[in-house]
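>>> pasting a predicted model and its sequence here:
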Amino acid sequence: MRARLPSTSLLVALAVVALTAPFWLTNPYWLHVLIMGGIFAVLALSLNLLLGYTGQLSLGHAAFFGIGAYASALTTLKLERSAWEGLALAALLAGLAGWAIGRLALKLRGAYFVLVTISFAGVISLVSVNWMELTNGPLGLPGIPAPELGPWSFRTKRAYYYLVLAAVALSYLVCRRLVGSRIGRAFLALRENEALAESVGIDVTRYLVLAAVISAAMAGVAGGLYAHYTRFVSPEVFLFTYTVTMVIMVVAGGKGTLAGPIVGALLFTALPEALREVTSWQWQMLTYGLILVLLVFFLPRGIVPTLSRLRKSP
Amino acid sequence: MEALLQHLVNGLVLGGTYALLGIGLTLIFGLMNVVNFAHGEFYTLGAYTAFATLALLGLPFLAAIPAAIVVGIVLGALCERVLLRPLRGESIDSVMLVMIGLWIAMQNAELLGWGGVAKSVPHPFPTKPLVVGPLGIAPLRLFVFVTAIALIVGAQLVIHRTKLGRAMRATFQDADTAALMGVRIGRIHTATFALGSGLAAAAGALLGPIFLVYPSMGDLASLKAFSVVILGGLGNVAGATFGGLLLGVVEELGAGYISSGYRDAVGFVIIILVLLLRPSGLFARTERIG
């Protein structure tokens, strides 16, 4: 089943808006929000690949994000290579971790898979805090350089915005090609009825591992982008709040759709910023918890599928 | 050698409370098939109840545990009625997400209500440890251990010797037949969740005076509870008891001999290893991996 494209004119309008944003957004703060939203969009798309298409929930995705962030940071700081190599290594190492999880959790489904991912994230988090020689522990790694392309540096918000925009577009395209291909159909078969899928010859484990690797690699790239933007990495990237936020973005936006995670990511990056004046961070998280419960009860498919269903009905 | 014995003793004390947490969760996860990520929050709730009872209301020390249990039971029953019953037939993922939402909501409500500063729970025990041969044990910890064992025995009695317990076991073996026999299935679900939550709250009230009470204390408790349940086998109360004690001891030995920074990793590693090598747990009678 091919994913439905929103109408071409809508796409063009969005593209124009997105490409010119740094010019009409006068306040650099909002550009910052868009950049963070973009990084989370890549992250949400990666989680969606696992949750929305294969049906397995990973609550350890922050581990891949963090591995990517640390990998990229250490590549530029300790190995003194360029940020691009850092991003590549981030994808590689995170992908490797995804492979390990995929292969190890082969037999596990549902709640057990979730528990293994949480445990894995927990161990990685403890390692990042305790292995001071590598990660500098709780002190973190400051002064991560911004990416450079020849004479241009991506240090400015405007330049970084375009980098992140490109990353989001690339991730969307990768997901779209994947979902529309035979592999994507195998994922959906896995999600809908695993026994049936196996009976028609789909190698369930192979596709689950593949999904885990791609998902983890994408999350790793998001982590690398985060590291080079905020120029500082600490074990805080493994905080459970990031995982929770990711899950809400995917579930609220619409798991199993491609636009859903992007919408969810932008919404749940902009929302806390907008609410920052009004409420404290704890009220926000409290509301997130309530939103999650309400979503499951009232809007289980998420925002994007509900909207597109409304659009289709006369 | 003394150090080893001392670690064992400390581990058993901690393990007793882990066993309480595990028994509660094995009832909820093992019998009701609810992935209760909010289990640790009931533990935190119990700890804060103990704090409120002792530090704010100034009641005698022995009132704290029953107060915590009651609060855990009442809130547990409420959560089951409001959140879980409407979702009874839904996929396990939806239930999981709702429990995650409950987890976040409860923790941040506690953060807002009590503040992030850790609270210390007053207790009347002398701080000088009781010395038995080469071992020393603080009177408070001895009290915790004895109470934990008493509660574990109590829970076993409820499950195996009372009508309620029999109804629970019947419901989770075969709900339809139990219903035909006149068991009110809805009530049993509520009671099971309430009992599990009450035990978690008791564990929190017991550990509160030993460690400090702060809003995020439940996170690790949840995961260790899952660790114990997986170790002991789902739905297996005796397994959870042994698993809890084992986890406590292994954690203490690990912290003492290997590294204390990685102490919490023991629970995680157990989850990963057991699920990979022996997913049905050390003692389970039936295979159930997903």
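Everything's here; your move.

>>> contact residues of the stretch 151-300 of chain A facing chain B?
Residues of the stretch 151-300 of chain A found near chain B (Cβ under 8 Å from any Cβ of the partner chain) are A:240, A:244, A:247, A:251, A:280, A:282-283, A:285-286, A:288-293, A:295-297, A:300. Yep, even glycine has a C-beta here, placed from its N, CA and C like the rest.

>>> now for the one helix or strand residue A:309 maps to, which elements pack on it?
Element membership for residue A:309, per DSSP states H and E: helix A:303-312. With contacts taken as 3 or more Cβ pairs under 8 Å, 6 or more residues apart in numbering or on different chains; DSSP states H and E, helix A:303-312 sits against helix A:240-253, helix A:259-275.

>>> what helices or strands is the longest one leaning on?
Read that as helix A:259-275. With contacts defined as 3+ Cβ pairs under 8 Å, 6+ apart, the packing partners of helix A:259-275 are helix A:28-48, helix A:240-253, helix A:281-298, helix A:303-312.

>>> at 10 Å what do you get?
Judged by 3 or more Cβ pairs under 10 Å, 6 or more residues apart in numbering or on different chains; DSSP states H and E, helix A:259-275 is in contact with helix A:28-48, helix A:157-180, helix A:240-253, helix A:281-298, helix A:303-312.

>>> tell me what angle it forms with helix A:281-298.
For helix A:259-275 against helix A:281-298, the angle by axes from the mean of the first three to the mean of the last three Cα atoms, to 10 degrees is 150 degrees.

>>> send the alpha carbons of helix A:259-275 over as PDB?
The C-alpha trace of helix A:259-275 is given here as PDB (Å, rounded to 0.1, in the frame of the first residue of the first chain):
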ATOM      1  CA  ALA A 259       4.100  12.900   8.100                       C
ATOM      2  CA  GLY A 260       2.800  12.000  11.500                       C
ATOM      3  CA  PRO A 261       6.200  11.900  13.300                       C
ATOM      4  CA  ILE A 262       7.300  15.200  11.700                       C
ATOM      5  CA  VAL A 263       4.100  16.900  12.700                       C
ATOM      6  CA  GLY A 264       4.400  15.400  16.200                       C
ATOM      7  CA  ALA A 265       8.000  16.500  16.500                       C
ATOM      8  CA  LEU A 266       7.300  20.100  15.500                       C
ATOM      9  CA  LEU A 267       4.300  20.200  17.700                       C
ATOM     10  CA  PHE A 268       6.000  18.900  20.800                       C
ATOM     11  CA  THR A 269       9.000  21.000  20.300                       C
ATOM     12  CA  ALA A 270       7.100  24.200  19.800                       C
ATOM     13  CA  LEU A 271       4.600  23.500  22.500                       C
ATOM     14  CA  PRO A 272       7.000  23.400  25.500                       C
ATOM     15  CA  GLU A 273       8.600  26.600  24.200                       C
ATOM     16  CA  ALA A 274       5.300  28.300  24.000                       C
ATOM     17  CA  LEU A 275       4.200  27.100  27.400                       C
END
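
>>> any idea how far it is from the chain center?
13 Å (Cα atoms, centre = their mean, to the nearest Å).

>>> for residue 163, what are its contacts?
Chain wasn't specified; assuming chain A. Residue A:163 is in contact with A:35, A:38, A:83, A:87, A:146-147, A:149, A:154, A:225, A:228-229, counting by Cβ atoms under 10 Å, 6 or more residues apart in numbering or on different chains.

>>> my bad, the chain I had in mind was chain B
Applying Cβ under 10 Å, 6+ apart to residue B:163 gives the contacts residue B:183.

>>> for it, report the pLDDT, please.
Residue B:163 carries a pLDDT score of 89 in this model.

>>> all set, thanks.
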